[in-house]
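Novice: just to be clear, the model below is a prediction. Sequence and coordinates:
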Amino acid sequence: MSLVCYIAGAVDHAIASQQLGGLTPREFLRRYWQKRPLFVRAAVPALDRLVALEKIRALAARDDVESRIVQRDAARWRTAHGPFPRLNVRKRDWTVLVSGLNLHHAPAERVLRRFDFVPLARLDDVMVSYATPGGGVGPHTDSYDVFLLQGAGRRLWRVWFRGKMLRHVAQPGDLLYLPPGLQHDGVALEPCFTYSVGFRAPRDAELGAAFLDFLHERGLPDGRYRDPDLAPARRAAEVPPRMVRHAEKALRRIRWSRTDVARFLGEYLTAPKPHVVFRRKGRRRPLRGAVVRLDPATQLLYSGGRFFVNGETVMFAGRAARALRELAERRRLEGSRLAAAGLGELAAGWRDAGWAHFERT
């Protein structure tokens, strides 16, 4: 290991340890992940300056950004979905939430990457909420893990865990980790920003439906039910047993392999969300002499020699595979490295599609 890599690894370890209250990522995953909540004071510095309200206003007005407003009237909560061309902020009991902040704001993308000790296949996005005093979304549970990071302002969190209610007043830089299924409620004590780092947790039924679509696109066994020797029906409303046997036989012909499952999962996990739009940025710089940076919306994962990018599969081996794996891990790589690995045409195609950007070194 080079001295630069060693120092970078030590810095990453120190950052992870600070944001997890002195725990190493391994200790956190063993003791807290999907087991119990964790509250950490001063976990992530400078969050009080991460984003301005005007940036949130601008994002909430766009139709390619997912946003919503939650207002509390007495004991009732009312929700409206964006876009919001004119965002009128109420003095109390009001919250605006914008999903995918990391796709449009580089500092939020850097916050998201602080949690890459969890596999990127599980990492989702950063949602920002701006709330006026009394604002929140009401008591609720999430089906996924979440890190709640406090920006400017203070928020009172109530968490129900093992029959007890835990209370925390989060100040700028504080972190609250919640495993799935814990009821919680966050209420703004003053105008405040909160950043939610969420994780993907697909339901089995969702995976099953998507996998059948995947198999169908690749050609399921075809055939058609026939009954040339049909006899007159004695009970016209009964489903013919012969038809049931035919359907059973046809469905048993559906086959798949572990390779099919791995390919499906990679494409499924990297498929862009419906509202994501890729745009090419910057000048047409030559690959050599540039740094290739993946667009924040680009998902690049791998399994062996298979690479999954934005719902598509490519296969490489040897030097090319090593370079692509490094790009997937670091999300940026010197263009000369990609060119030397024979990936110049691939990188140019990704640049033209807006999936990657060539920047000055």
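Specialist: Looks like it came in fine. Residues are numbered from 1 along each chain as shown.

Novice: and the residue most central in space within the chain, how far from Tyr195?
Specialist: Taking Cα atoms, centre = their mean, the centroid of the chain lies closest to Asp124, which sits 1.4 Å from it. To Tyr195, Asp124 is 13 Å away according to Cβ to Cβ, to the nearest Å. Placement of C-beta: from N, CA and C, glycine included.

Novice: can you check Lys164 too?
Specialist: According to Cβ to Cβ, Lys164 stands 26 Å off from Tyr195.

Novice: look at those two and report which has more neighbours.
Specialist: Using other Cβ atoms under 10 Å as the criterion, Lys164 and Tyr195 rank with Tyr195 on top: 23 against 7.

Novice: any idea what that one is bridged to?
Specialist: With DSSP bridges as the criterion, Tyr195 is bridged to Val128, Leu149.

Novice: my read is that it contacts Phe115, right?
Specialist: No - in this structure, Tyr195 is not within contact of Phe115 by Cβ atoms under 8 Å, at 11.4 Å.

Novice: backbone dihedrals for Ala237, please?
Specialist: Torsion angles at Ala237 (phi, psi; degrees, to the nearest 10) stand at phi -90, psi -10.

Novice: now do the helices in the stretch 151-300 of the chain.
Specialist: 204-217, 241-252, 258-270 (DSSP state H, counting those that start in this stretch).

Novice: hey, which of the ones you listed is tucked in deepest?
Specialist: Ranked by mean neighbour count, the helices of the stretch 151-300 of the chain are led by helix 258-270 with a mean of 17 (mean count of other Cβ atoms under 10 Å).

Novice: what about that helix, distance to the chain center?
Specialist: Relative to the centre of its chain, helix 258-270 is centred 17 Å away, using Cα atoms, centre = their mean, to the nearest Å.

Novice: got the angle for that helix vs helix 204-217?
Specialist: On the basis of axes from the mean of the first three to the mean of the last three Cα atoms, to 10 degrees, helix 258-270 is oriented at 110 degrees to helix 204-217.

Novice: and helix 258-270, what does it pack onto?
Specialist: helix 204-217, strand 300-303, strand 306-309, strand 312-315 (3 or more Cβ pairs under 8 Å, 6 or more residues apart in numbering; DSSP states H and E).

Novice: which among the ones you listed is found nearest to Lys35?
Specialist: Smallest distance to Lys35 across the helices and strands packed on helix 258-270 (Cβ to Cβ): 21.4 Å, for helix 204-217.

Novice: next structured bit after the one helix or strand in the chain whose mean pLDDT sits lowest?
Specialist: Ranked by mean pLDDT, DSSP states H and E, the weakest helix or strand in the chain is helix 3-19, scoring a mean of 54. For helix 3-19, the succeeding helix or strand toward the C-terminus, using DSSP states H and E, is helix 25-31.

Novice: what's in contact with that next one?
Specialist: 16, 20, 23, 38, 117-118 (Cβ atoms under 8 Å, 6 or more residues apart in numbering).

Novice: switch to 6 Å and redo it
Specialist: 16, 20, 117 (Cβ atoms under 6 Å, 6 or more residues apart in numbering).

Novice: low-scoring stretches of the stretch 1-150 of the chain, by residue?
Specialist: Within the stretch 1-150 of the chain, the segments meeting pLDDT under 70 span 1-15.

Novice: that one: strands as residue ranges?
Specialist: 38-40, 67-73, 76-81, 94-98, 123-131, 146-150 (DSSP state E, counting those that start in this stretch).

Novice: the ones you listed: which one's closest to Phe278?
Specialist: strand 123-131 (15.7 Å).

Novice: buried sites along that closest one?
Specialist: 123-131 (16 or more other Cβ atoms under 10 Å).

Novice: OK, contacts around the residue nearest to the centre of the chain?
Specialist: 198-200.

Novice: nearest spatial neighbour of it, skipping sequence neighbours?
Specialist: Once flanking residues are discounted, Asp124 sits nearest to Gly198: 4.4 Å by Cβ to Cβ, 6 or more residues apart in numbering.

Novice: my understanding was that the one you found contacts Val146; is that so?
Specialist: Yes - using Cβ atoms under 6 Å as the test, Gly198 is close enough to Val146 to be in contact (5.3 Å).

Novice: how close does Ala60 sit to Val96?
Specialist: 6 Å.

Novice: likewise for Gly135?
Specialist: For Gly135, the distance to Val96 equals 9 Å [Cβ to Cβ].

Novice: again, but for Arg90
Specialist: Where Val96 is concerned, Arg90 sits at a distance of 10 Å (Cβ to Cβ).

Novice: same deal with Arg218?
Specialist: For Arg218, the distance to Val96 - Cβ to Cβ - is 42 Å.
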